[in-house]
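Visitor: Task: produce atomic coordinates for the following.
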Amino acid sequence: MRLIHILLIALSCCIPGWAQANWVSQSTPQAGAWLNVAYGNGLFVAVAQSGPNRVMTSPDGITWTLRPSADDNMRWYGVTYGSGLFVAVANYGAGSRVMTSLDGMTWTSRAAAAISDWTFVTYGNGLFVAVANGGATRVMTSSDGITWSGQTAAASSTWRSVTYGSGMFVAVADTGATQVMTSPDGVTWTGRTAAAARSWHSVTFGGGLFLAVAYTFSNQSGLVMTSSDGINWSPSIAVSNSPWFNVGYGNGFFVAAGGGNALMTSADGTSWTSRTPPVSGNWRGIAYGSGRFVAVSYSTVDSTKQVMTSDPLAIIAPAAAPVPLQITPLGLMSISVVPNQSLLATGTATVVANQSGTWTATTSTPWLSLTQSIGAFPGVVAGTANAAGLAAGSYTGSISVAGTALGGTQTISIPATLTVNSPAVFTANPTAISMASSYPAGSATGFSIQTGAPGLAFTA
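Guide: Numbers count the residues shown, from 1 in each chain. Sure, this is the predicted structure:
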């Protein structure tokens, strides 16, 4: 048994993605509608909208302890960690709808900027930002988590989630004409166009990418969207048309979870792999910390198992770095022309690479124009040389080929040569023919003509 345990640890340390493929249910000390979880200062903190205790904490995601919230009559929806402080927001309840804690165990009520239906809170660039799906004020900010100020949202949409990355706050909504909004400072917000009109429920940032998931029961291509800047969004294909409630990022992987058996992972936000949760349920919150992902559930078929973790044995190994792109030209582009035969001639050069990808070719060589300048590896770059105005001799130039693949980008230079030959000439032998008048009728004589280039035409 000890040998098996050691082997599993070795596997989890050495095989990228092993942990994300293997999930284990964990016992929860109380059945409740657990809606979100955050990680900070070595501690997981989960919050719930129902139950006698609405906070639970764990140092490892496995062993959980119930904690009293600042107000157990509140429906606590969102929780985050930043600047040494846990902050939670509530969607419903009489009284203050914000609470804070230095250690995740002892909580203090704080006055929200407004009695709105706060759904999510995040931290970035020295600022806590919360969004709401109802109420007159749907964005509020705080530099310390204690004193909050209301801000004007880009639209009165039902804002469900907000995240921060690459100098930008990004929020998504499940209904409304405007379902994405962005802000560089959390104060001034601008509406953006989502990849599709869906019930966008969660957004996160990781690996230079914003990624949102939706819980609309619709076609698969509309349930994930990605953006490099939070402004321009593209749809991505989910593994199923399940209701996706939450998405998180950690250690090179996106993890999305939802209703039923909805669980999927991706290293790039585009290609997703279906995973099997240990217990069927409505998985609402995901966080990464202490070397593992932790998800909490609003409800499960087994109410004592409302937490699941990836890889309970060891720290998740990072994803293997992609092999760098390497482009290789198979020779140069060599072209030869004979001016009085034709001023134009064509040539080609083949480019290959160590992985699939695309390429674009350009040239600044004045006598060369490219007729095939884009393609996929392996590919052929084609060009036409124009010898107009060029004296006989040899000319050199270059072609720049820029490639893009999973392994990154690379630009190489391919030499191009042009040989302008001397004009082709006629040589007649003999140079003259003497025709005697005494030749009988029908007699013939002749001479030969040699040309300086194959195919050079002449008439006699």
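Visitor: From here on, just use CA atoms for contacts and neighbour counts.
Guide: Will do.
Visitor: Just the element for residue 241, please.
Guide: Using DSSP states H and E, residue 241 sits in no helix or strand.
Visitor: Hmm, residue 224 and it touching each other?
Guide: No. Counting by CA atoms under 8 Å, residue 241 stays clear of residue 224, with 10.2 Å between them.
Visitor: out of the two, which sits in the busier spot?
Guide: residue 224 (29 against 18; other CA atoms under 10 Å).
Visitor: May I have the beta-bridge partners of the more buried one?
Guide: Residue 224 has the following beta-bridge partners by DSSP bridges: residue 213, residue 236.
Visitor: for it, what are its contacts?
Guide: When contacts are counted by CA atoms under 8 Å, 6 or more residues apart in numbering, residue 224 touches 211-214, 235-238.
Visitor: can you pick the most crowded of those residues?
Guide: residue 212 (34 neighbours).
Visitor: show me the residues around that residue that make contact.
Guide: 172, 200-204, 224-226, 247.
Visitor: swap the cut-off to 10 Å and go again
Guide: The neighbours of residue 212, taking CA atoms under 10 Å, 6 or more residues apart in numbering as the test, are 161-162, 170-172, 180, 194-195, 200-205, 223-227, 233, 235-236, 244-248, 256, 269.
Visitor: Name the helix or strand for the residue nearest to it when sequence neighbours are not counted, please.
Guide: In space, and not counting its chain neighbours, residue 212 is closest to residue 203: 4.1 Å by CA to CA, 6 or more residues apart in numbering. Per DSSP H and E, residue 203 falls inside strand 200-206.
Visitor: which secondary structure elements does that strand contact?
Guide: strand 159-165, strand 168-173, strand 209-214, strand 224-227, strand 244-250, strand 253-258, strand 281-289 (3 or more CA pairs under 10 Å, 6 or more residues apart in numbering; DSSP states H and E).
Visitor: For stretch 47-63, measure first residue to last.
Guide: Stretch 47-63 stretches 15 Å from its first residue to its last (CA to CA, to the nearest Å).
Visitor: now swap in stretch 150-162 and tell me
Guide: 15 Å.
Visitor: Over to stretch 162-177?
Guide: End to end - CA to CA - stretch 162-177 spans 17 Å.
Visitor: Any buried residues in it, and which?
Guide: By 16 or more other CA atoms under 10 Å, the buried positions in stretch 162-177 come out as 162-166, 168-175.
Visitor: Now the two most distant members of those residues.
Guide: 166 and 175 (25.7 Å; CA to CA).
Visitor: Now do the shared contacts for residue 241 and residue 224.
Guide: Listed as contacting both residue 241 and residue 224 by CA under 10 Å, 6+ apart are 214-215.
Visitor: Leaving aside the residues adjacent along the chain, what's closest to residue 214?
Guide: residue 200 (4.1 Å).
Visitor: picking up where we left off before, buried only: go through the contacts of residue 212 for me.
Guide: Applying 16+ other CA under 10 Å to those flags 161-162, 170-172, 180, 194-195, 200-205, 223-227, 233, 235-236, 244-248, 256, 269 as buried.
Visitor: Pipe the helices and strands packed on strand 200-206 into TSV and attach distance to residue 412 and mean pLDDT per row.
Guide: Shown next, in TSV, are the helices and strands packed on strand 200-206 (distance: least, CA to CA, whole Å; pLDDT from 0 to 100):
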stretch	distance to residue 412	mean pLDDT
strand 159-165	33	98
strand 168-173	35	98
strand 209-214	28	97
strand 224-227	29	96
strand 244-250	35	95
strand 253-258	32	94
strand 281-289	40	94
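Visitor: Distance to residue 129 added to these, as TSV?
Guide: Shown next, in TSV, are the helices and strands packed on strand 200-206 (distance: least, CA to CA, whole Å):
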stretch	distance to residue 129
strand 159-165	8
strand 168-173	8
strand 209-214	17
strand 224-227	20
strand 244-250	18
strand 253-258	22
strand 281-289	18
